[in-house]
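Novice: one predicted model, sequence on top.
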Amino acid sequence: MKILQIVGGKTPSWYENGNGNPNSTLDGSQIESDWVDLDADLYYWTKALRPVQWYPGHIAKTEKELKEQLKLMDVVIEIRDARIPMSTSHPQMDSWLGNKKRILVLNREDMISTADRNAWATYFARQGTKVVFSNGQLGMGTMKLGRLAKVLAADVNVKRRAKGLLSRPVRAGIVGYPNVGKSSLINRLLKRRMCPAAPRPGVTRVLKWVRFGSDLELLDSPGIIPMRISDQRAAIKLAICDDIGERSYDVADVAAILVQILTRIPSVGKHCVYPLTESALS
Ligand SMILES: Nc1nc2c(ncn2[C@@H]2O[C@H](COP(=O)(O)OP(=O)(O)OP(=O)(O)O)[C@@H](O)[C@H]2O)c(=O)[nH]1
């Protein structure tokens, strides 16, 4: 059996309070500093591992096509994983979209706490970006998304009518990393299973147009990911959240890092994780 071992890293301050039981004596700045330390440790741990890279053929093939199609969109809906919104932000998205109208969606809202949701909403609001939170499994947020896309792109038909042209449906492109829930959100909005969705990355392989009512067209696209992931901390987070193909990483290495991360979370902590891992390994 492979032994999972990650060494090094700083003990978070909540273990220095006595019995290792996280308690409420820590202030916000201490917790934030613990997270900064964790990120530094994550960098150190990932350096020892084989780099995680995943760029399957279907992504390479459709990325070019998607870039062309994006030029035709009235609005682009970018879906990210609410658990890791920074690691599911494509580094080239800004240059592809230019000043095109854009909606940022953090999907899988059911998988984060209310405190994290509020913290991300505040973070993006400070940057002038309003985010929509959604649940692609149950459909929360989808109607709002459809409405917002139509409102944002309403000027398209105002301009067309001014030129004497007939109105046409608003075109919205749905883009994002693999497995973040793009197809599920479309299916929920349409209340029909029009796009293939499954709990693994890389299910959607071709671009697909679907119609929502008479005034909105949606483009479902395969999950896109950079050819090279330069930040391996982000790559490991993608692996932990199953947003990247399983063949691109060693499951035991990623599991070992996940255990280390869990021990740093006050509400989980060493006292919960270590008995579990010891019994699993014996
Ligand atoms: N818990 C939870 N699961 C979700 C949510 N949205 C989608 N899922 C699940 O996540 C899995 C992936 O969803 P998809 O819609 O296939 O993701 P995708 O972004 O289209 O994936 P690719 O085909 O890789 O591009 C499915 O099993 C969904 O049921 C959500 O908000 N919460």
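Specialist: Nice, thanks for sending it over. Residues are numbered from 1 along each chain as shown.
Novice: tell me if stretch 174-181 is near the ligand.
Specialist: Yes. Taking C-beta under 6 Å from any ligand atom as the criterion, stretch 174-181 and the ligand are in contact, through 176, 178-181. No exception for glycine: its C-beta is placed from N, CA and C like everyone else's.
Novice: neighbouring contacts of that stretch?
Specialist: For stretch 174-181, the surrounding residues in contact (C-beta atoms under 8 Å, 6 or more residues apart in numbering) are 59, 66, 70, 76-81, 88, 90, 93, 107-108, 134, 136-137, 182, 185-186, 197, 199-203, 218-225, 238, 241-245.
Novice: next step: these restricted to strands.
Specialist: The subset of the contacts of stretch 174-181 located in strands under the criterion DSSP state E comprises 76-81, 107, 134, 218-220.
Novice: which of the contacts of stretch 174-181 are buried? Put it as a PyMOL command.
Specialist: Command for PyMOL, covering only those of those found buried under the criterion 16 or more other C-beta atoms under 10 Å:
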select buried, resi 59+66+70+76+77+78+79+80+81+88+90+107+108+134+136+182+185+186+197+201+202+203+218+219+220+221+222+223+224+225+238+241+243+244+245
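Novice: return only those of the contacts of stretch 174-181 found close to the ligand.
Specialist: When C-beta under 6 Å from any ligand atom is taken as the criterion, the members of those that contact the ligand are 107-108, 136-137, 182, 197, 199, 201-203, 222-223.
Novice: still on that earlier bit, any chance of the ones in strands among the contacts of stretch 174-181 in CSV, plus pLDDT?
Specialist: Listed next are those as CSV, based on pLDDT from 0 to 100:
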residue, pLDDT
Val76, 97
Ile77, 97
Glu78, 98
Ile79, 98
Arg80, 98
Asp81, 98
Asn107, 98
Ser134, 97
Leu218, 95
Leu219, 95
Asp220, 95
